[in-house]
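Participant: output the structure for:
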Amino acid sequence: MSLSDHPRAYGTAAVAIAFVAGVLVTLGFKDLYPDLERRFQQRGERKPRTRRSSLFWGPVELEDHESSGTAMVPGGAMIPRDDGISDGIEGCIGRTPLIRIHSLSEATGRTVLAKAEFLNGAGNSPKDRVALNMIQQAEKDGFLKPGRGDTIYEGTVGSTGISIAALARAKGYKAHICMPNDQSREKSDLLHHLGATVERVPVQPITSPDHFVNLARRRAAEHTASTTTPSVGFFADQFESRYNYEAHLKTTGPEIYHQTRGRIDAFVAGAGTGGTISGVARYLKESAKLHNLKVVLADPQGSGLYNKIRHGVMYSTTEKEGTRRRQQVDSVVEGIGINRVTENLEAGRDLIDTAVRVTDEQACKMARWLAEHDGIFCGSSSAVNCVGAVVTALSLPEGSTVVTVLCDSGTRHLSKFWKQIAAMGLEDEPKPDNLLTLLAIEKPKS
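Facilitator: Next up, the predicted model:
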């Protein structure tokens with residue numbers, strides 16, 4: 001009698017055969033598994049895979065950037081992916097989140113995004129990118145050598161100095177920072193804790209040899225000229241060094257493009273050295289070819305850049321730039337606003353379409369609004385950027401996307417900016433629920 005004549009015997013045989021086959025497959029996979037695991041782990045170590053094939057267009061080369069751990073954007077820039085473990089404090093710089101600020105987006109009817117640069121890991125500001133690039137270039141050019149006792153000198157209102165101080169320690173250097181004495185005490189205290197030498201000097205115009213930038217340059221030259229030590233003094237020169245704006249051209253701009261998929265209608269930023277706005281503008285408009293992108297300077301009161309961008313002069317045609325000794329109008333804002341055109345700003349000035357002037361009152365009210373409605377505790381320059389982003393957003397069609405920058409945390413501005421906010425009663429008194437009413441911004445007529 002055949003199996004086909006007895007259903008129960010047929011079923012038992014089928015189950016037995018399936019069981020034996022399963023055991024054989026399992027044993028085979030067990031022997032094969034280590035090889036598969038090794039291949040998977042080596043995927044990220046291989047060079048990008050390429051493949052050539054095209055029926056109509058001839059040979060083409062396709063690169064597998066997923067395997068190489070990078071993402072490619074226009075201009076040949078590569079965005080490194082997070083591999084899980086970063087290499088020292090340098091590995092914590094860049095790839096910052098781009099966040100949607102809900103309250104500003106709702107108030108304007110446009111999408112307002114902000115690059116969270118306060119999450120950079122060394123000095124917690126966009127200056128981390130600049131400091132790292134300047135130091136790496138100085139090492140490449142032979143100006144700095146780890147272990148020789150070299151000192152990095154810089155004139156700064158705080159943020160760049162903090163980034164330099166943190167990275168200098170990590171890379172085997174000392175830091176000497178010169179800063180005006182009207183800046184918040186938190187910044188100089190942090191510099192001391194990072195091991196930097198700090199000189200707080202009286203506020204002077206840039207034409208004075210005792211201006212904090214000129215003093216830092218002189219200190220570096222004196223160090224190098226000294227015969228008591230083989231070490232040298234390196235003046236970073238953030239205001240004029242091209243490695244400032246190039247840091248944003250190489251990293252910040254490509255990151256913004258990648259995060260928005262190129263769907264961005266305006267970029268808004270303030271300018272101190274001018275490196276951020278110039279570098280990002282050059283990447284987005286020239287490398288990424290976003291020719292319709294609107295680049296807007298957000299300028300605090302007392303700064304001359306608003307008139308320079310809008311009208312071509314700082315204040316009037318009777319004042320020659322770089323020679324007047326008038327002090328900048330007092331402003332509670334730190335980090336942005338200046339009365340001269342630096343080399344970094346000049347690098348992208350022709351790409352800036354317009355400017356928005358922001359008062360101290362608007363900046364204070366915006367900072368408090370963000371803390372109350374979005375849980376964002378920011379510093380003064382970030383608040384100025386956000387006011388500029390709101391004004392810019394309202395000038396664009398509904399549904400547009402505006403990107404700005406959150407530079408640093410409000411924790412560095414407690415003794416000055418946030419003290420002013422408290423003095424204005426913004427932390428206690430009832431405030432309008434309408435952002436535009438609070439800031440005294442009128443919607444453009446349709």
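Participant: any low-confidence regions in the chain?
Facilitator: Scanning the chain for pLDDT under 70 picks out 1-16, 18-69, 315-330, 446.
Participant: hey, where'd the strands end up in it?
Facilitator: 50-52, 61-63, 70-72, 78-80, 98-100, 111-116, 151-155, 174-180, 197-201, 233-235, 266-269, 294-300, 354-358, 401-406 (DSSP state E).
Participant: looking at the ones you listed, spot the one closest to Leu436.
Facilitator: Proximity to Leu436 (Cβ to Cβ) singles out strand 111-116 among the strands of the chain, at 13.2 Å. Every residue, glycine included, has its C-beta placed from N, CA and C.
Participant: mind checking how far that closest one is from the chain centre?
Facilitator: Strand 111-116 has its average C-alpha position 12 Å from the chain's average C-alpha position, going by Cα atoms, centre = their mean, to the nearest Å.
Participant: same question for stretch 133-141.
Facilitator: On Cα atoms, centre = their mean, the centre of stretch 133-141 falls 19 Å from that of its chain.
Participant: repeat for stretch 335-354
Facilitator: In terms of Cα atoms, centre = their mean, the centre of stretch 335-354 is set 17 Å apart from its chain centre.
Participant: likewise for stretch 138-145?
Facilitator: On Cα atoms, centre = their mean, the centre of stretch 138-145 falls 24 Å from that of its chain.
Participant: dump that stretch to PDB, keeping only the CA atoms.
Facilitator: What follows is stretch 138-145, C-alpha atoms only, in PDB (Å, rounded to 0.1, in the frame of the first residue of the first chain):
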ATOM      1  CA  ALA A 138      46.800  76.800  11.900                       C
ATOM      2  CA  GLU A 139      48.100  73.300  12.700                       C
ATOM      3  CA  LYS A 140      48.000  72.400   9.000                       C
ATOM      4  CA  ASP A 141      50.000  75.500   8.100                       C
ATOM      5  CA  GLY A 142      52.500  74.900  10.900                       C
ATOM      6  CA  PHE A 143      51.600  77.900  13.100                       C
ATOM      7  CA  LEU A 144      50.500  75.700  16.000                       C
ATOM      8  CA  LYS A 145      52.200  72.600  17.300                       C
END
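Participant: list the buried residues for it?
Facilitator: Using 16 or more other Cβ atoms under 10 Å as the test for burial, stretch 138-145 gives Ala138, Glu139, Phe143, Leu144.
Participant: where along the stretch 301-446 of the chain do the helices fall?
Facilitator: For the stretch 301-446 of the chain, the helices defined by DSSP state H, counting those that start in this stretch cover 305-311, 343-346, 360-374, 380-394, 417-423, 435-439.
Participant: check what contacts the second one and list those residues.
Facilitator: By Cβ atoms under 8 Å, 6 or more residues apart in numbering, the residues outside helix 343-346 that reach it are 238-242, 244-245, 271, 273-275, 277-278, 305.
Participant: quick one, which of the residues you listed are buried?
Facilitator: Using 16+ other Cβ under 10 Å, the buried ones in these are 238-239, 241-242, 244-245, 271, 273-275, 277-278, 305.
Participant: give me the neighbour count for the residue lying closest to Ser287 once chain neighbours are set aside.
Facilitator: Once flanking residues are discounted, Ser287 sits nearest to Gly75: 3.1 Å by Cβ to Cβ, 6 or more residues apart in numbering. A count of neighbours around Gly75, defined by other Cβ atoms under 10 Å, yields 17.
Participant: residues in contact with Gly75?
Facilitator: With contacts defined as Cβ under 8 Å, 6+ apart, the neighbours of Gly75 are Pro254, Tyr283, Ser287, Ala288.
Participant: who wins on neighbours among the residues you listed?
Facilitator: Using other Cβ under 10 Å as the neighbour test, the contacts of Gly75 are led by Tyr283, with 28 neighbours.
Participant: from Ile376, how far off is that residue?
Facilitator: Per Cβ to Cβ, to the nearest Å, Tyr283 is found 25 Å from Ile376.
Participant: where do the helices sit along the stretch 1-150 of the chain?
Facilitator: Here the stretch 1-150 of the chain has its helices, by DSSP H, counting those that start in this stretch, at 7-41, 65-68, 102-108, 127-140.
Participant: if we can go back for a sec, what about the residue nearest to Ser287, distance to Ser409?
Facilitator: Going from Gly75 to Ser409 by Cβ to Cβ gives 31 Å.
Participant: re earlier: most neighbours per residue, which of the helices of the stretch 301-446 of the chain?
Facilitator: Mean neighbour count (mean count of other Cβ atoms under 10 Å) peaks for helix 380-394 among these, with a mean of 29.
Participant: show me what it is packed up against.
Facilitator: In terms of contacts (3 or more Cβ pairs under 8 Å, 6 or more residues apart in numbering; DSSP states H and E), helix 380-394 is packed against helix 102-108, strand 111-116, strand 266-269, strand 294-300, strand 354-358, helix 360-374, strand 401-406, helix 435-439.
Participant: okay, angle between the longest one and helix 380-394 too, please.
Facilitator: Angle between the axes of helix 360-374 and helix 380-394 is 80 degrees (criterion: axes from the mean of the first three to the mean of the last three Cα atoms, to 10 degrees).
Participant: tell me what helix 360-374 is packed against?
Facilitator: Secondary-structure packing of helix 360-374 (3+ Cβ pairs under 8 Å, 6+ apart): helix 102-108, helix 380-394, helix 417-423, helix 435-439.
Participant: same question for the third one.
Facilitator: With contacts defined as 3+ Cβ pairs under 8 Å, 6+ apart, strand 266-269 has these neighbours: helix 275-282, strand 294-300, helix 380-394, strand 401-406.
Participant: quick check: neighbours of that strand in the sheet, parallel or antiparallel?
Facilitator: The pairing partners recorded for strand 266-269 under DSSP bridges are strand 294-300 (parallel), strand 401-406 (parallel).
Participant: for these, which one sits closest to Ser159?
Facilitator: Ranking the strands paired with strand 266-269 by proximity to Ser159 (Cβ to Cβ) places strand 401-406 first, at 12.1 Å.
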